[in-house]
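Q: need coordinates for the below:
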Amino acid sequence: MTGQLFSEHADVIHLAAVMQWLCLAQDVCNRKGVSAIYDLKSGWGVAYPETSGYIIATFLAYANFSGDDEYLGRAIQLGDWEVEIQLPNGGVLSNPLNSYPRVFNTGQVILGWCALYEETKDVKYFRAALRAGEYLLNRQDDDGAWRKDTYCGARTYHARIDWALLRLAKLSGEMRFAEAAYKNLRWVLNQQDENGWFAQCGFNNDLPITHVIAYTLRGLLECYLMNSSSLNGLDILTRVIKTADALCVALQRYHIRGITGMGPTSFNAEWQSNDRHSCLTGNAQLACFLFRLAQTTNNECYRRTAETILLATKRTQTIDTSIIPIRGAIGGTYPIYRGYSPNSYPNWAAKFFADALLMKLQYSRRIAILA
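A: Below is the predicted model:
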């Protein structure tokens with residue numbers, strides 16, 4: 001199991017399997033959030049507010065794709081749980097076992113609440129998102145970055161917070177949210193080197209892994225696609241393409257265990273890597289990002305790269321197994337015993353894998369999961 005690749009099935013079969021695993025991860029928490037992870041040694045983890053927040057959008061997208069209203073109900077249960085545990089200051093908990101918020105987590109749950117509000121028109125989700133947005137504005141530094149209530153300081157992947165704030169600005173008409181997004185986006189873009197690599201992208205002092213590189217790129221791209229006049233002059237799409245092109249070249253150069261589409265976990269400032277493992281979460285996220293970029297630019301090279309990455313990731317998913325807690329799951333890393341979140345199956349890997357499959361299956365309809 002550790003380095004084995006499994007049989008490839010039709011996309012809809014892989015998708016159904018990973019959605020069933022996400023349902024299981026929600027059920028083990030009594031539908032109060034989605035379990036963060038299944039660890040091969042310690043079992044199921046606690047419900048994780050951040051990722052449960054953006055899984056809302058995945059459940060909604062799958063409900064629309066499959067016609068199964070159970071997933072709408074599950075999304076509503078997640079949204080209600082997030083409202084229930086929202087802090088008085090509007091922030092979202094780092095995890096339900098502590099009492100402090102995180103700005104990044106808050107942004108991801110805003111995306112889920114916005115998607116749920118647009119689907120159900122229930123104003124409680126909109127109100128919760130507005131309160132969360134006020135919290136983000138109150139924690140932002142003068143240069144636009146977020147350093148308070150963060151995991152490791154100001155980071156470029158906070159572009160996904162900007163995406164959430166622009167969603168709020170569009171829904172509410174409150175331009176303060178768009179102005180805050182502009183300030184941070186300017187800070188994020190200032191971290192980009194001439195070759196497209198981003199400083200202040202990785203966790204702590206580590207090299208950036210594809211997980212956070214993709215967070216950064218998808219956040220920037222979605223901000224551009226919001227078509228907000230408040231972002232005039234930032235030239236976001238040109239910057240995104242610069243990084244995407246460099247990354248695609250690097251992914252063609254490096255293949256873990258000779259598997260096409262199985263890129264290395266991290267890259268240095270010259271887009272080089274010595275890794276012998278692949279971050280499956282990052283792979284799934286990159287597939288989502290590249291599908292979205294291909295739709296935006298009509299560049300089929302991005303689509304082909306996304307499909308290659310997704311094919312490699314599909315072959316790490318075990319469907320035909322009697323071990324229920326891993327059936328349909330996506331590991332944190334390949335091989336499973338080395339790299340990002342080893343010996344475990346994170347819910348965010350499953351979420352982005354499902355999103356990538358949904359985007360591929362509905363590519364001609366330009367479907368994107370907006371979280």
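
Q: switch to C-alpha atoms for all contacts and neighbour counts from now on
A: Fine.

Q: residues near residue 252, how many?
A: 13 (other C-alpha atoms under 10 Å).

Q: how about it, secondary structure?
A: helix (DSSP: H, G, I helix; E, B strand; the rest coil).

Q: what sits against residue 188?
A: 155-156, 158-159 (C-alpha atoms under 8 Å, 6 or more residues apart in numbering).

Q: mind putting those residues in JSON lines, secondary structure included?
A: Putting the contacts of residue 188 into JSON lines (three-state DSSP) gives the following:
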{"residue": "155", "secondary structure": "coil"}
{"residue": "156", "secondary structure": "helix"}
{"residue": "158", "secondary structure": "helix"}
{"residue": "159", "secondary structure": "helix"}
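
Q: who wins for most neighbours among the residues you listed?
A: residue 159 (30 neighbours).

Q: just the helices in the protein please.
A: Under the criterion DSSP state H, helices of the chain are mapped to 11-27, 49-66, 70-85, 103-120, 123-139, 159-172, 175-189, 210-225, 236-253, 280-297, 300-314, 347-361.

Q: for those helices, which one sits closest to residue 273?
A: Checking those against residue 273 by C-alpha to C-alpha gives helix 236-253 as the closest, at 8.8 Å.

Q: surely residue 291 meets residue 301?
A: No. With contact defined as C-alpha atoms under 8 Å, residue 291 and residue 301 do not form a contacting pair (9.9 Å).

Q: so between those two, which is more surrounded?
A: Neighbour comparison, residue 291 and residue 301: the larger count goes to residue 291, with 28 against 14 (by other C-alpha under 10 Å).

Q: in contact with that one, which residues?
A: Neighbour list for residue 291: 302-303, 306, 356, 359-360, 363 [criterion: C-alpha under 8 Å, 6+ apart].

Q: could I get those as JSON lines with distance to residue 90, neighbour count and pLDDT?
A: Listed next are the contacts of residue 291 as JSON lines, based on distance: C-alpha to C-alpha, whole Å; neighbours: other C-alpha atoms under 10 Å; pLDDT from 0 to 100:
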{"residue": "302", "distance to residue 90": "38", "neighbour count": "22", "pLDDT": "98"}
{"residue": "303", "distance to residue 90": "38", "neighbour count": "22", "pLDDT": "98"}
{"residue": "306", "distance to residue 90": "36", "neighbour count": "27", "pLDDT": "98"}
{"residue": "356", "distance to residue 90": "31", "neighbour count": "29", "pLDDT": "98"}
{"residue": "359", "distance to residue 90": "32", "neighbour count": "22", "pLDDT": "98"}
{"residue": "360", "distance to residue 90": "35", "neighbour count": "23", "pLDDT": "98"}
{"residue": "363", "distance to residue 90": "36", "neighbour count": "16", "pLDDT": "96"}
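
Q: now residue 10: phi and psi?
A: Dihedral pair for residue 10: phi -60, psi 150, per degrees, to the nearest 10.

Q: give me the neighbour count for it.
A: Using other C-alpha under 10 Å, residue 10 has 8 other residues around it.

Q: then residue 271?
A: Residue 271 - counted by other C-alpha under 10 Å - has 16 other residues nearby.

Q: tell me if I'm right that residue 354 and residue 12 touch.
A: No. Counting by C-alpha under 8 Å, residue 354 stays clear of residue 12, with 9.9 Å between them.

Q: the more surrounded of these two?
A: Remark: of residue 354 and residue 12, residue 354 carries more neighbours, 30 against 14, as counted by other C-alpha under 10 Å.

Q: okay, that one: pLDDT?
A: Note on residue 354: pLDDT of 98.

Q: do you know how far the closest residue to it other than its chain neighbours is from residue 321?
A: Excluding the flanking residues, the one nearest residue 354 by C-alpha to C-alpha, 6 or more residues apart in numbering is residue 15, at 5.8 Å. Here the criterion is C-alpha to C-alpha, to the nearest Å. By it, residue 15 lies 16 Å from residue 321.

Q: so between those two, which is more surrounded?
A: It is residue 15, of residue 15 and residue 321, that has more neighbours when counted by other C-alpha under 10 Å, with 23 against 10.

Q: my guess is the more buried one contacts residue 352. True?
A: No. Look at residue 15 against residue 352 with C-alpha under 8 Å: they stay out of range, at 10.9 Å.

Q: returning to that earlier point: so what's the residue nearest to residue 354 up against?
A: 354, 357-358.

Q: now these in CSV, with distance to residue 128?
A: Below are the contacts of residue 15 laid out as CSV (distance: C-alpha to C-alpha, whole Å):
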residue, distance to residue 128
354, 26
357, 30
358, 28
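
Q: show me the beta-bridge partners of the closest residue to residue 331 other than its chain neighbours.
A: Ranked by C-alpha to C-alpha, 6+ apart and with sequence neighbours excluded, the top spatial neighbour of residue 331 is residue 345, at 4.2 Å. For residue 345, the beta-bridge partners are residue 38 (DSSP bridges).

Q: and residue 345, what does it touch?
A: Contact analysis of residue 345 by C-alpha under 8 Å, 6+ apart lists 37-39, 326, 329-332.

Q: report how many residues lie close to residue 151.
A: As a burial measure, residue 151 scores 15 neighbours (other C-alpha under 10 Å).

Q: beta-bridge partners for the nearest residue to it once chain neighbours are set aside, please?
A: Leaving aside its sequence neighbours, residue 151 sits nearest to residue 102 (C-alpha to C-alpha, 6+ apart; 7.3 Å). Beta bridges link residue 102 to residue 92 when assigned by DSSP bridges.

Q: may I ask you to confirm that residue 102 is in contact with residue 95?
A: No. Between residue 102 and residue 95 there is no contact under C-alpha under 8 Å: 9.2 Å.

Q: cool, thanks, talk later.
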